[in-house]
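**Q** just the structure for this:
(2 chains)
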Amino acid sequence: MSALVTKSLVKRFGGVLATDHVSLTVEAHELHAVIGPNGAGKSTLIGQLAGEIVSDEGSVHLLGQDVTRLNTHQRARLGLARTYQITQLAKEFSALDNVLLAVNARAGHKAHNFQFWHNAHDDQDAMQRADAALATVGLTSMRNTLVATMAHGEQRQLEIAMALATEPRLLLLDEPLAGMSQGESAAMIALLKSLKGRYPMLLVEHDMEAVFALADRVSVLVYGRIIATGTPDNIRSNREVRAAYLGEEMP
Amino acid sequence: MKFFPQPIVWSSPRTVTAIVVLALLAMLPIIAAAFDASYYVSLTTRILIYALAAIGLNLILGFGGMVSLGHAMYVLLGAYAVAIPASHGVTSGFTQLAIAISSTALLAAGVGAVSLRTTGIAFIMITLAFAQMLFFGAVSLKDYGGDDGLTVAARSSFGAFDLSNNVTLYYAAFIAVLVALYLSWRAVLSPFGLVLRGSKANARRAIALGHPIFQYQLVAYIASAVVCAVAGVLLANLTLFASPSYGAWTVSGELIVIVILGGLGTVFGPVVGAIILLALEEALPTLIEHVLPDYKSNWMLLLGLFIFVVALVLKHGVFGSLKSRSP
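**A** Next up is the predicted model:
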């Protein structure tokens, strides 16, 4: 069963067709990348998939279930986890508390946290899961560090840790390499490689080298429309893609 | 089971401050009696009542990031839940508390369900609007004093003991503050509190993780209103009076000032804020009268200056600026 299927997804902002009948699938175990120039509608598409932006037409199916009419937190509870292009963290929390917040919302976990008495840190099971997520992204040593004092690259890693801590069935990664130094990028690419195959992923990214190194399939989004989908090699040699987007930048 | 929700760091300035303040409050009636200064018992009772209301407001303002400019309406409701039954001869504190808590929970559920659809300035305005409605609702109660308010003939009685003694009332308020502090401490650190604080720190992220934050905010809003209503019950007992002015928007503003002065997002901050604000309101007029008799009506200028300096210098309020790793 495909992890994600969208059918003819549309979003209009006034007269602008931001998402123009986008149909794409993310297969189980697949890392599917979406590339496109600035303003192609990548972030709008991610917003529609996560439920933050309401689609005008079309449908979204998550693991075979129609989630088109579900809102953001309901989709998250079904296993859709996302990261943001611009880091969205609880800045006054420690790294641990950020991840713990995610663990307490994990897919399939009880639907709410209306427990008022025990310290959230006394939940050993949740703490182990949180520590495991921190360990996966290599932030164990930052466990008790306030997010506001962490470096940008570390905050980006924490974003991934939070997404993983929800035990997702689909990861939406919105430009995980944005604003990173070369060293930080290399570490992030290695991390994504290690996650590949374990989770179905939809990766939106600007960094061509990273996309061609990581993706099983690539879709090219231009003016809200998918003009090509294929393996990295296919995309690299696709003439329409070259004309519309890649130009002479092709590696 | 552990009594405290988290280990106590005895050496932290916050712990020391909280213990010293609570110890002084616990002994105040004894000290006042020794100095034959019973006036200070009722003054401090008022401080405790404001502290209690501020602890309630802090639940949503400090930990949930919801700026309610209408929480005085729940104090008003609590006060009228004493005064109106009392005017019909019902002086049972249990009955009055039950009326105060149930009516407040109902009202807060409705007001919260509507106003929590909004955030930021819109939330401030809508909570203010509801509070103004209740204020004028109280004014229109001609049978119960209208805008003059109504006096309370007798203090509430709780079975074997009643609140008619000033010292008893003082300790009732003190214990209410202790209980509210303890419960909010636990709630803030609990899984519920983690989501609530997370929704303040980054609502978008909390939702994207799968937390339906509206439900958390609503529950916190109702709890916070109920605490304010209990403060209203105590206030009517202290002043033997209930008036629409208890629900004036300036009172809501005062509660916000207390919370911010003490330290947003700290459990004990509201107590410190209430002590500082009400003590200054008491002391400044006298002080000015001695130093600058011609300007004695201008004492509020000084108070404003003080709040200004705290806001400017101590970003996290007086208590919040003390060092500690616990929230």
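**Q** and the end-to-end length of stretch B:85-104?
**A** Terminal residues of stretch B:85-104 are spaced 16 Å apart (Cα to Cα, to the nearest Å).
**Q** give me the mean pLDDT for that stretch.
**A** Across stretch B:85-104, the average pLDDT comes to 95.
**Q** ok, residues contacting it?
**A** B:74, B:77-78, B:81-82, B:144, B:150, B:152-159, B:162-163, B:225-226, B:228-230, B:232-233 (Cβ atoms under 8 Å, 6 or more residues apart in numbering or on different chains). Placement of C-beta: from N, CA and C, glycine included.
**Q** centre of the chain to it, how far?
**A** On the basis of Cα atoms, centre = their mean, to the nearest Å, stretch B:85-104 is displaced by 20 Å from the centre of the chain it belongs to.
**Q** same question for stretch B:214-232.
**A** Relative to its chain's centre, stretch B:214-232 lies at 11 Å (Cα atoms, centre = their mean).
**Q** list the buried residues of it.
**A** B:214, B:216-232 (16 or more other Cβ atoms under 10 Å in any protein chain shown).
**Q** and those residues near chain A, which?
**A** Applying Cβ under 8 Å from any Cβ of the partner chain, the subset of the buried residues of stretch B:214-232 adjacent to chain A comprises B:216, B:219.
**Q** from the buried residues of stretch B:214-232, which land in helices?
**A** Using DSSP state H, the members of the buried residues of stretch B:214-232 that fall in helices are B:214, B:216-232.
**Q** so what's residue A:241 up against?
**A** By Cβ under 8 Å, 6+ apart, the contact set of residue A:241 is A:220, A:227-228, A:235.
**Q** before we move on, what SS does it have?
**A** helix (DSSP: H, G, I helix; E, B strand; the rest coil).
**Q** between the contacts of residue A:241, which is nearest chain B?
**A** Of all these, residue A:220 has the smallest distance to chain B: 26.2 Å, by Cβ to the nearest Cβ.
**Q** find the nearest non-adjacent residue to residue A:82, please.
**A** residue A:172 (4.0 Å; Cβ to Cβ, 6 or more residues apart in numbering or on different chains).
**Q** near chain A, which residues of chain B are found?
**A** Counting by Cβ under 8 Å from any Cβ, chain B sits next to chain A at B:5-6, B:183, B:186-187, B:189-195, B:197-198, B:201-202, B:204-213, B:215-216, B:219.
**Q** now which of the contacts of stretch B:85-104 would you call buried?
**A** B:74, B:77-78, B:81-82, B:144, B:150, B:152, B:155-156, B:162-163, B:225-226, B:228-230, B:232-233.
**Q** right, and residue B:63 touches residue B:200 too?
**A** Yes: counting by Cβ atoms under 8 Å, residue B:200 is a contact partner of residue B:63 at 6.5 Å.
**Q** poorly predicted segments of the chain, please.
**A** All of this refers to chain A. Filtered on pLDDT under 70, chain A yields the residue ranges A:107-108, A:111, A:245-251.
**Q** wrong one, I was asking about chain B
**A** B:1, B:324-327.
**Q** now the strands: where do they sit in it?
**A** B:150-151, B:157-158, B:161-162, B:241-242 (DSSP state E).
**Q** for the first one, packing partners?
**A** Contacts of strand B:150-151 with other secondary structure elements, assessed using 3 or more Cβ pairs under 8 Å, 6 or more residues apart in numbering or on different chains; DSSP states H and E, are made with helix B:72-87, strand B:241-242.
**Q** next: the second one.
**A** For strand B:157-158, the helices and strands in contact under the criterion 3+ Cβ pairs under 8 Å, 6+ apart are helix B:93-115.
**Q** would you mark the buried spots in the helix it packs on?
**A** Of the residues in helix B:93-115, those buried under the neighbour-count criterion (16+ other Cβ under 10 Å) are B:93, B:96-97, B:99-101, B:103-105, B:107-108, B:111-112, B:115.
**Q** now do the SS call for residue A:135.
**A** Applying three-state DSSP: residue A:135 is helix.
**Q** what's the strand or helix carrying residue A:74 packed up against?
**A** With secondary structure defined by DSSP states H and E, residue A:74 is part of helix A:72-77. Helix A:72-77 is packed against helix A:42-50, helix B:203-209, with contacts defined by 3+ Cβ pairs under 8 Å, 6+ apart.
**Q** and after it, which helix or strand comes next?
**A** strand A:80-83.
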